[in-house]
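**Student:** sequence and predicted structure are below.
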Amino acid sequence: MEMHREMGLSYTVFFRSLAQLPQGWVRETRNDGATLSYASGNIEISLGPECERRIGLLRLPYTPAIFKYHGLSQDERDEFQTRFDLTFQRGGG
């Protein structure tokens, strides 16, 4: 199973945020992504090139990402993605 999405962050923020995931989830990091362990399987995350959206003078980074799930049921994928998204969520005030 593979999922494509745009993450509203730079490479720097992606790799910094990996440290906030539960202990044991991050198996390996690479220059262009990471491999995570979850339940009975793993998830490979491959990052595309860093991009930028411009709205007037505002510049917002985003990075395309591909999530490849191996050995996970649909419920496990959903549970993982919910927890992952909460960790990587950026808020404004």
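**Tutor:** Perfect, thanks for sending it.

**Student:** list the helices and strands the lengthiest strand in the chain packs on?
**Tutor:** Scanning the chain for the strand with the most residues, using DSSP state E, yields strand 58-70. If you count contacts as 3 or more C-beta pairs under 8 Å, 6 or more residues apart in numbering; DSSP states H and E, strand 58-70 packs onto strand 2-7, helix 11-18, strand 41-47, strand 51-55, helix 74-88. C-beta: built from backbone N, CA, C; applies to glycine.

**Student:** possible to save the ones you listed as TSV with distance to Arg30 and mean neighbour count?
**Tutor:** Output for these, formatted as TSV (distance: least, C-beta to C-beta, whole Å; neighbours: other C-beta atoms under 10 Å):
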stretch	distance to Arg30	mean neighbour count
strand 2-7	16	13
helix 11-18	10	15
strand 41-47	8	18
strand 51-55	19	10
helix 74-88	17	14
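
**Student:** mind giving me JSON lines with these and columns for mean pLDDT?
**Tutor:** Putting those into JSON lines (pLDDT from 0 to 100) gives the following:
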{"stretch": "strand 2-7", "mean pLDDT": "95"}
{"stretch": "helix 11-18", "mean pLDDT": "94"}
{"stretch": "strand 41-47", "mean pLDDT": "98"}
{"stretch": "strand 51-55", "mean pLDDT": "94"}
{"stretch": "helix 74-88", "mean pLDDT": "93"}
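
**Student:** I'd like the ones you listed as a markdown table, with distance to Pro61 appended.
**Tutor:** Listed next are the helices and strands packed on strand 58-70 as a markdown table, based on distance: least, C-beta to C-beta, whole Å:
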| stretch | distance to Pro61 |
| --- | --- |
| strand 2-7 | 9 |
| helix 11-18 | 8 |
| strand 41-47 | 12 |
| strand 51-55 | 6 |
| helix 74-88 | 13 |
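
**Student:** and of these, who's closest to Arg27?
**Tutor:** strand 41-47 (6.7 Å; C-beta to C-beta).

**Student:** I'd like to know which elements that closest one is packed against.
**Tutor:** strand 33-38, strand 58-70.

**Student:** try it again with 10 Å
**Tutor:** Under the contact criterion of 3 or more C-beta pairs under 10 Å, 6 or more residues apart in numbering; DSSP states H and E, strand 41-47 touches strand 2-7, helix 11-18, strand 26-30, strand 33-38, strand 58-70, helix 74-88.
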